[in-house]
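Student: Sequence and computational prediction follow.
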Amino acid sequence: MSILMTFHIAIKALNRNKMRTMLTMLGMIIGVGAVITMVALGRGAQATIEDQIKGAGTNTVTVFPGFSMTMGVSMGQGWSSRLMPADAVALRALPDLAYVAEAINTRQQIIASTQNTNSSILGTNVDFVSIKSWPMKFGAFFTEQDVQSAAKVVALGVNVSDLLFGLGVDPTGESVRVRNHVMKVVGVMAPKGASSSGQNQDDQVFMPYTTVQKKLVGQPQLHYIMASATSGDRMAQASSAAKDTLRTTHNLGLGQEDDFSVMTQDDMVAMRTQTTSTLTSLLAAIAGVSLLVGGIGIMNIMLVTVSERTREIGLRLAIGARGSDVLYQFLVEAVLISLVGGGLGIAAGFGAAEFMMWFRAWPAEVPTDTVFMAFGVAAGIGIFFGYYPAQKAARLDPIEALRFE
């Protein structure tokens, strides 16, 4: 029997029970659609995280006090040791680091006339805007002289500025009050968006780190140090040199563990994308269970079909059809159900991903290899679960099949 004839008979057989065929396909549609949707949302989340981290700065190297490890990646969130301004001074001498900025965080109420807001304050120095590649919207960032003199000056994030002074208003030269200190607004940062941690950077306020140390928190320690390598291919060397320098400034002897941790931009990307990748794989595996259920459904329906068409099979075998013809016939029917269901599932997956992007503004990215993989898995399930019913049909005894009621 020719292949075209086999397909023609398979399509006619499936058309006899359209509702049964559609319900059988439903398992494949749901399974393939769910896998593609989960992978698309996971890949979209990874891409967003990578963009956020890249947007957080250029070739960044960040030093944290303390030392901790998560999944083999240095986290650096401990506070068991100290980072001091002297550490930042030592790092500035390294040829592989273009910029170095001290950083100390606090949260305070910012008051301007009748408006006020509780904002995150970052104390830093003039290199901060170069590390972040962050331009100004109004005015200018504070100067090195402001840092040296612990001047009462502040640069506002655009959201803070809009809230305190009005949408689009240039507040340069105006004053705000933080605790009992009156601070002069020297500029407003351009819109930046979310950071790699998910915090909206436009909700921040920036001051000289010396001002934050002396007038707001009363401590000499830094919370972390930001730096930028001279180029992307020098990040590893910059990280290694920073570790050696800090071991020297912290008087750590041979065999003593680091009391700080250094993270490069690549480390941060790897750490955050590894988490989303694990979750994506888990969700895709859970969704893949429905593919298995769909395959079992195909086997079940094909066994019922073989039972219903026993006399037909016996007649075909009696007039000269070979067992292999019957085997291929039922196998083609199972594969057709899988492939059509898989195709509809791919369309459903794309549709669901687009819907989530539109309805919930969730990022989604459907990789081409996942589409081909889903289609291949659908065909494989059709062959695997359709083979036993097809083989059972091919082994029927013609005489017994003709006697079947």
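Tutor: Cool, the structure landed. Numbers count the residues shown, from 1 in each chain.

Student: neighbours of Gly320, just the number please.
Tutor: Close neighbours of Gly320, defined as other CB atoms under 10 Å, add up to 7. Just so you know, the C-beta spots here come from the backbone N, C-alpha and C atoms, and that holds for glycine as well.

Student: Would you check how far apart it and Arg395 are?
Tutor: As judged by CB to CB, to the nearest Å, Gly320 and Arg395 stand 17 Å apart.

Student: Also Ala334?
Tutor: Summarising the geometry, the distance separating Ala334 from Arg395, computed by CB to CB, is 16 Å.

Student: So for these two, which sits in the more crowded spot?
Tutor: Counting neighbours by other CB under 10 Å for Ala334 and for Arg395 shows that Ala334 has the greater number, 27 against 10.

Student: ok, now which ones touch the more buried one?
Tutor: For Ala334, the contact set (CB atoms under 8 Å, 6 or more residues apart in numbering) comprises 298, 302, 382-383, 385-387, 389-390.

Student: Only the buried subset of these, as a ChimeraX command please.
Tutor: The ChimeraX selection below is limited to those of the contacts of Ala334 classed as buried (16 or more other CB atoms under 10 Å):
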select :298,302,382,385,386,387,389,390
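
Student: Out of the contacts of Ala334, list just those in helices.
Tutor: Within the contacts of Ala334, membership in helices is found for 298, 302, 382-383, 385-387, 389-390, as judged by DSSP state H.

Student: show me where the chain has helices.
Tutor: Residue ranges of the helices in the chain, as given by DSSP H, are 3-16, 18-55, 85-92, 128-132, 144-148, 158-165, 209-211, 235-249, 265-308, 310-318, 323-359, 368-394, 398-403.

Student: Of all those, which one is nearest Ala112?
Tutor: Closest to Ala112 of those is helix 158-165 (CB to CB; 4.0 Å).

Student: Mean pLDDT and distance to Asn118 for the helices of the chain - can I get that in CSV?
Tutor: Rendered in CSV, the data for those read as follows (pLDDT from 0 to 100; distance: least, CB to CB, whole Å):
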stretch, mean pLDDT, distance to Asn118
helix 3-16, 75, 65
helix 18-55, 76, 24
helix 85-92, 94, 27
helix 128-132, 90, 22
helix 144-148, 95, 24
helix 158-165, 94, 10
helix 209-211, 96, 19
helix 235-249, 90, 34
helix 265-308, 72, 27
helix 310-318, 75, 77
helix 323-359, 83, 32
helix 368-394, 78, 44
helix 398-403, 66, 81
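
Student: Could you export those to a markdown table, including columns for distance to Ser119?
Tutor: Written out in a markdown table, the entries for those read as follows (distance: least, CB to CB, whole Å):
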| stretch | distance to Ser119 |
| --- | --- |
| helix 3-16 | 65 |
| helix 18-55 | 20 |
| helix 85-92 | 24 |
| helix 128-132 | 16 |
| helix 144-148 | 19 |
| helix 158-165 | 5 |
| helix 209-211 | 15 |
| helix 235-249 | 30 |
| helix 265-308 | 24 |
| helix 310-318 | 77 |
| helix 323-359 | 31 |
| helix 368-394 | 42 |
| helix 398-403 | 81 |
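
Student: other SSEs contacting the longest strand along the chain?
Tutor: Selection of the longest strand in the chain by residue count, based on DSSP state E, yields strand 97-112. The contact analysis (3 or more CB pairs under 8 Å, 6 or more residues apart in numbering; DSSP states H and E) places strand 97-112 against helix 85-92, strand 115-124, helix 128-132, helix 158-165, strand 175-178, helix 209-211, strand 224-229, helix 235-249.

Student: same thing but 6 Å
Tutor: Here strand 97-112 is seen to pack against helix 85-92, strand 115-124, helix 128-132, strand 175-178, strand 224-229 when contacts are counted using 3 or more CB pairs under 6 Å, 6 or more residues apart in numbering; DSSP states H and E.

Student: what about stretch 359-378, distance to the chain center?
Tutor: The chain centroid and the centroid of stretch 359-378 are separated by 14 Å, computed with CA atoms, centre = their mean, to the nearest Å.

Student: Okay, buried residues for it please.
Tutor: 363-366, 370-371, 374-375, 377-378.

Student: So which bits of stretch 227-246 are buried?
Tutor: Buried positions in stretch 227-246, judged by neighbour count with 16+ other CB under 10 Å: 227-230, 234-235, 237-239, 241-242, 245-246.

Student: Now the terminal residues of that stretch, how far apart.
Tutor: Separation of the first and last residues of stretch 227-246 by CA to CA, to the nearest Å is 13 Å.

Student: ok, back up a step: quick one: closest of the helices of the chain to Asp258.
Tutor: With CB to CB as the measure, helix 235-249 is the member of those nearest Asp258 (6.7 Å).

Student: what residues does that closest one touch?
Tutor: Contact partners of helix 235-249, identified using CB atoms under 6 Å, 6 or more residues apart in numbering, comprise 59, 61, 87, 90-91, 94, 96-97, 229, 260, 262, 264.

Student: buried sites along stretch 338-351?
Tutor: Of the residues in stretch 338-351, those buried under the neighbour-count criterion (16+ other CB under 10 Å) are 338-346, 348-350.

Student: what distance separates it from the middle of the whole chain?
Tutor: Average the C-alpha atoms of stretch 338-351, do the same for its chain, and the two points are 24 Å apart (CA atoms, centre = their mean).

Student: separation between the nearest residue to Pro95 once chain neighbours are set aside and Ala242?
Tutor: Spatial nearest neighbour of Pro95, chain neighbours left out: Thr230 (7.5 Å); criterion: CB to CB, 6 or more residues apart in numbering. Counting by CB to CB, the separation of Thr230 from Ala242 is 13 Å.

Student: sorry, back to before: so which of the contacts of helix 235-249 is the most crowded?
Tutor: Using other CB under 10 Å as the contact criterion, the top neighbour count among the contacts of helix 235-249 goes to Val61, which has 29 neighbours.

Student: wait, doesn't that one sit right on Met263?
Tutor: No. Val61 is not in contact with Met263 according to CB atoms under 6 Å; the separation is 7.4 Å.

Student: For Ile381, give its distance to Tyr387.
Tutor: For Ile381, the distance to Tyr387 equals 11 Å [CB to CB].

Student: same question but for Arg177, I mixed them up
Tutor: Here the distance between Arg177 and Tyr387 works out to 78 Å (CB to CB).
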